[in-house]
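Participant: Need coordinates for the below:
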Amino acid sequence: MSDQRRKELEDLIARVALGDRAAFDALYDATSAKLHAVCLSVLKDRPEAEETLQEVYIRIWKSAARYSANGLSPMTWLITIARNRSIDRLRSRNSGPSTAPAEAAASVASAEPGPETATIRAQERQMLDECLAQLAEPQAGAVRAVYLEGITYADLAEREGKPINTVRSWLRRSLLRLKDCVSQ
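Facilitator: Okay, here's the model as predicted:
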């Protein structure tokens, strides 16, 4: 993470500690994709990761005053909050009631998708993969990184060694081409 980015995040956290809602919105915009990816990697369940992400930002709002600019990365602090909250959620999920009678367990519907839904999802995934294959590799890689892995625009720009506006243009044009491809 660049020093400028670190200072920007530290400034946003300091302003959030003072109750600045605009700074909180900016902090969310700058970090939510990365923190969502952290929650998703721990929980392996998108709706639960999204709900946990909301709890993470509530915790950030309440505890921003406890963050001190100590030279460590503010992203490390934010990721630690997201990871810990996700682990807490995972533990509470796994420690649910385990003494349910076998008859009751047999009557509970499976959370797994049915065969029809699974087939449709597989076809949609194959279509998306085929459409991604039609994009140039840098653009396809950018789409995968941002929308499937949860990397932020800034991190992607830094990784690719390109200006952030170039990365945004890649993504916009790529999404338009994907939309055209998928709609055919």
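
Participant: residues contacting the spatially most central residue of the chain?
Facilitator: Centroid-nearest residue in the chain: H36, 2.6 Å away (criterion: Cα atoms, centre = their mean). The contact partners of H36, taken as Cβ atoms under 8 Å, 6 or more residues apart in numbering, are 49-50, 53, 150. Heads up, the C-betas are built off the backbone N, CA and C, glycines and all.

Participant: what comes up buried for stretch 7-20?
Facilitator: Judged by neighbour count (16 or more other Cβ atoms under 10 Å), stretch 7-20 contains these buried residues: 8-10, 12-17.

Participant: wouldn't A154 be in contact with R5 here?
Facilitator: Yes. At 6.3 Å, A154 and R5 qualify as touching, with contact defined as Cβ atoms under 8 Å.

Participant: Tell me where the model's unsure across this structure.
Facilitator: 1, 69-72, 96-114 (pLDDT under 70).

Participant: The buried residues of stretch 7-20 in helices, which ones?
Facilitator: Of the buried residues of stretch 7-20, the ones assigned to helices by DSSP state H are 8-10, 12-17.

Participant: Sort out which one of those residues lies nearest S73 for me.
Facilitator: L9 (8.2 Å; Cβ to Cβ).

Participant: where's the residue nearest to that closest one when sequence neighbours are not counted relative to R6, distance?
Facilitator: With sequence-adjacent residues excluded and distances taken as Cβ to Cβ, 6 or more residues apart in numbering, L9 is closest to P74, at 4.0 Å. P74 sits 6 Å away from R6, going by Cβ to Cβ, to the nearest Å.
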